[in-house]
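1. Here you go, sequence then predicted model.
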Amino acid sequence: MKAFIALAAAMATSAASPLPGDLRATGYAQLRAEAFAPQYPLWSDGQAKRRWLHVPEGRSIDTSNPDRWDFPVGTRAWKEFSRDGVKVETRFIERRDDGSWRYATYLWSEDGTQATLAPADGVPQRGIPSRDDCVACHEGATTPILGYSAVQLQAKLAPAVGYLHGNCGHCHNDSALPALDMVLAQRASDPEASSQRTLAALIGRHGRFRHGEARQSVLVARMKSTDPYTRMPPIGVAIPDSQGITTVEHWLKEAQRQQENSP
Amino acid sequence: MKRTMLLIAAAIPALAFADGSADTVARGKYIVTTSGCNDCHTPWVMGAKGPEPDMTRMLSGHPSDFPLTPAPKVSGGWVMVAAATNTAWNGPWGTSFTANLTPDAETGLGKWTYANFRDTIRTGKHMGRGRPVLPPMPIPMYKNFNDADLEAIFAYLQSIPPVKNRVPEPLAPTESVALK
């Protein structure tokens, strides 16, 4: 078994090596890994999720910049999706020896005994993302490991702000979409300032929310939408998260009320 | 002489994109004007010799004030229809409106980064991570442009006159024939 793990590890960290066909060869359930849960998880149509992170022995995460944790080469993360207690898919991220990241999805067999590599184009009919989809979300943020960060593990944010960070911030940040003037990602280094900045973008004069004015409330309308061309997030969600939307809408209404009542 | 120098100085910022050279912008213009961009992103009007692109609104996308009724149903081997402007299209994917490619800050590409543009063309997703870019935009072919060509195209598009025109959002199909 040790030889198998060593071989899998060596293959998986090489930039040129192909993705393993079987999930176990990525080190899943083989390598020492820490289970973790982000405070502000991404809504995935109500599926349950479990997550693990593996950092190679003798290496560590550089956390000197709280807004950009630097993971060492060989870092691997897995996220397992299940519905009604049945495993559906496990997504895999790995930092390769050239510093780049790679992504894959493994689909579980019906009896839950084996997970095999999904096609690079994904399986759209089943909501399985393509590898381009993985890149679109994970490489829009400051670091591709989205759920294991100072904001997600340590920061204290208002629930709505945390929700926007976890569900929208991987694209709506300064580096991925600067043209939109709407930063929803939060900074652990200064959560108060980043939260205020988000609020100003949403309920200011040109904001995306105005209670009672449907045409002005683009943010909430797009979160509620099931139209494939306007819904947000654009991928990975088919069923709007009514609880999350209520949290955000209530927070924005209250913030708008306070703003209107301030002298 | 002083006047000439001032004119040259004023022209430089407009060309200072990508690698900053006029050659890049010229290369971009060559690609844009030979790759059919104006065919759909510049609205057509009826001229003396038939339909022709209205170059006063060059590359400004589907005109927001152009009246459109719901697209007619087609059959008998026909699969899509185009508006008279050639800027709005209806087919199995729904209705798509060509984008404003001018550098207007609020309605065009004025605030886009080169990375946003490159990622849109390469992935076929808005800004590389949003909704799909819809037909008839030839993403399957254009995604093969190399980086130098994409940089040149973007540099040229950022150098043309801005036109304020907010293009509508696409409409999803009303029947269950959505593309996967």
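-> Thanks, I have it. Residues are numbered from 1 along each chain as shown, chains lettered A, B, ... in the order given.
2. Double-check that B:Phe117 belongs to a helix.
-> Yes. Under DSSP: H, G, I helix; E, B strand; the rest coil, B:Phe117 sits within a helix.
3. Tell me where the chain has helices.
-> You didn't say which chain, so I picked chain A. Secondary structure of chain A (DSSP state H): helices at A:2-12, A:131-138, A:150-153, A:159-168, A:191-203, A:218-224, A:242-261.
4. looking at chain B here, not the other one
-> Using DSSP H, the helices found in chain B span residues B:2-15, B:22-34, B:37-41, B:114-123, B:139-142, B:147-157.
5. near chain B, which residues of the stretch 101-250 of chain A?
-> The stretch 101-250 of chain A has residues A:124-125, A:132, A:136-137, A:140, A:171, A:176-181, A:227-230, A:234 near chain B, with proximity defined as Cβ under 8 Å from any Cβ of the partner chain. Backbone N, C-alpha and C define where each C-beta goes, glycine included.
6. repeat that with 6 Å
-> A:124, A:132, A:136, A:140, A:171, A:179, A:227-230, A:234 (Cβ under 6 Å from any Cβ of the partner chain).
7. State the pair within the residues you listed that is farthest apart.
-> Farthest pair in these (Cβ to Cβ) is A:Pro124 and A:Ala179. Separation: 27.5 Å.
8. Now A:Leu219: closest residue in space, sequence neighbours ignored.
-> Among residues not flanking A:Leu219 along the chain, A:Arg208 sits closest, at 4.0 Å (Cβ to Cβ, 6 or more residues apart in numbering or on different chains).
9. tell me the contacts of that neighbour?
-> By Cβ atoms under 6 Å, 6 or more residues apart in numbering or on different chains, the residues touching A:Arg208 are A:202, A:218-219.
10. interface residues of chain B facing chain A?
-> Checking chain B against chain A by Cβ under 6 Å from any Cβ, the hits are B:111-112, B:123, B:129-131, B:169-170, B:172, B:180.
11. what about burial for the residues you listed, which qualify?
-> Buried members of those, scored by 16 or more other Cβ atoms under 10 Å in any protein chain shown, are B:112, B:123, B:129-131, B:170, B:172.
12. ok, of the residues you listed, which one's closest to B:Ala88?
-> Proximity of these to B:Ala88 (Cβ to Cβ) peaks at B:Pro170, which lies at 9.7 Å.
13. so how far is A:Ile145 from the residue nearest to A:Leu219?
-> Distance from A:Arg208 to A:Ile145, counting by Cβ to Cβ, to the nearest Å: 28 Å.
14. Could you count how many residues lie near the residue nearest to A:Ile93 when sequence neighbours are not counted?
-> Among residues not flanking A:Ile93 along the chain, A:Ala77 sits closest, at 4.7 Å (Cβ to Cβ, 6+ apart). When counting by other Cβ atoms under 10 Å in any protein chain shown, one arrives at 24 neighbours for A:Ala77.
15. repeat for A:Pro178
-> Neighbours of A:Pro178 (other Cβ under 10 Å): 15.
16. re earlier: which among the residues of the stretch 101-250 of chain A next to chain B end up buried?
-> By neighbour count, with 16+ other Cβ under 10 Å, those hold A:132, A:136, A:140, A:171, A:228-230, A:234 as buried.
17. of all those, which comes closest to A:Thr247?
-> A:Cys171 (19.6 Å).
18. Report the contact partners of that closest one.
-> A:140, A:177, B:129.
19. ok, 10 Å please
-> Each residue near A:Cys171 by Cβ atoms under 10 Å, 6 or more residues apart in numbering or on different chains is listed here: A:136-137, A:140-141, A:177, A:180, A:184-185, A:232-234, B:127-130.
20. if I pick residue 160, what's in contact with it?
-> Looking at chain A here, since you left the chain open. Contacts for A:Ala160 (Cβ under 10 Å, 6+ apart) come out as A:40, A:195, A:198-199, A:244-252, A:254-255.
21. sorry, should have said chain B
-> Contacts of B:Ile160 by Cβ under 10 Å, 6+ apart are B:14, B:25, B:28-29, B:32, B:58-60, B:101-103, B:108-109.
22. Pull out the buried members of those residues.
-> B:25, B:28-29, B:32, B:58-60, B:101-103, B:108-109.
23. what's the neighbour count on A:Val151?
-> 28.
24. Excluding chain neighbours, what is closest to it?
-> A:Ala188 is the one closest to A:Val151 (Cβ to Cβ, 6+ apart), at 4.8 Å.
25. The one you found contacts A:Trp69, correct?
-> Yes. Counting by Cβ atoms under 10 Å, A:Ala188 touches A:Trp69, with 9.4 Å between them.
26. end-to-end on stretch B:86-94?
-> Length of stretch B:86-94, first residue to last, Cα to Cα, to the nearest Å: 15 Å.
27. Return the set of buried residues in stretch B:159-176.
-> B:159-160, B:162-163, B:165, B:167, B:170-173.
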